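In: output the structure for:
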Amino acid sequence: MEPDPAKELEAEIELLKRIGQGDRRSFEELYDRFAGVLFSTAYRMLKNQQAAEDVLQDVFIQIWKKAPLYDSTRGRPLTWALTLTRNKAIDVLRSMQRRSSLQGDVQQIVQSFEHSQD
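Out: Predicted coordinates for the structure are as follows:
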């Protein structure tokens, strides 16, 4: 028998309420429910396992801290968690792009310096 989606949604909302009150068991249960799909989302965006694991860890820290702010009228708990994951992965991608750009700039400066020394 498949789980009732309405009851699942209700249970997830209740988990977030309890997490907002500092309930570690509820946090563990939410982690068990969401970690797979959140990791898959981060990995699909970043194409790097370590970076996806780091994003997952950061997202669950955010969930722990921001659970009291969750508003069930604005969306499902999974949608909220996926949004946090997507935003964090985008931040990581931007950081990687900036780092790559800076490395390219440094290489150009070094090459210019080396050519000026010839």
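In: is the residue most central in space within the chain in a helix, a strand, or coil?
Out: Closest residue to the average C-alpha location of the chain: residue 85 at 2.8 Å, with CA atoms, centre = their mean. Here residue 85 is helix, with the state taken from DSSP: H, G, I helix; E, B strand; the rest coil.
In: any idea how far it lies from residue 96?
Out: 16 Å (CB to CB, to the nearest Å). For every residue, glycine as well, the C-beta is placed using N, CA and C.
In: same thing with residue 25?
Out: For residue 25 relative to residue 96 (CB to CB), the value is 36 Å.
In: for residue 10, same thing?
Out: Counting by CB to CB - residue 10 and residue 96 are separated by 39 Å.
In: please apply the same query to residue 86.
Out: 16 Å.
In: more neighbours: which of the two?
Out: Per other CB atoms under 10 Å, whichever of residue 86 and residue 96 has more neighbours is residue 86, with 16 against 13.
In: show me where this structure has helices.
Out: 5-20, 24-46, 49-66, 77-117 (DSSP state H).
In: using TSV, lay out these together with mean pLDDT.
Out: Below are the helices of the chain laid out as TSV (pLDDT from 0 to 100):
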stretch	mean pLDDT
helix 5-20	96
helix 24-46	98
helix 49-66	98
helix 77-117	80
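In: returning to what we had before: wait, isn't the residue nearest to the centre of the chain in contact with residue 55?
Out: Yes - using CB atoms under 8 Å, residue 85 is in contact with residue 55, at 6.4 Å.
In: shared neighbours of these two, anything?
Out: Counting by CB atoms under 8 Å, 6 or more residues apart in numbering, the shared contacts of residue 85 and residue 55 are residue 42.
In: what's in contact with stretch 44-63?
Out: 16, 19, 27, 30-31, 35, 38-39, 42-43, 81, 84-86, 88-90, 92-93, 96.
In: next, the buried residues of stretch 61-73.
Out: 63, 67, 70 (16 or more other CB atoms under 10 Å).
In: for it, what is the distance to the chain centroid?
Out: Distance of stretch 61-73 from its chain centroid, counting by CA atoms, centre = their mean, to the nearest Å, is 14 Å.
In: perfect, I'm done here.
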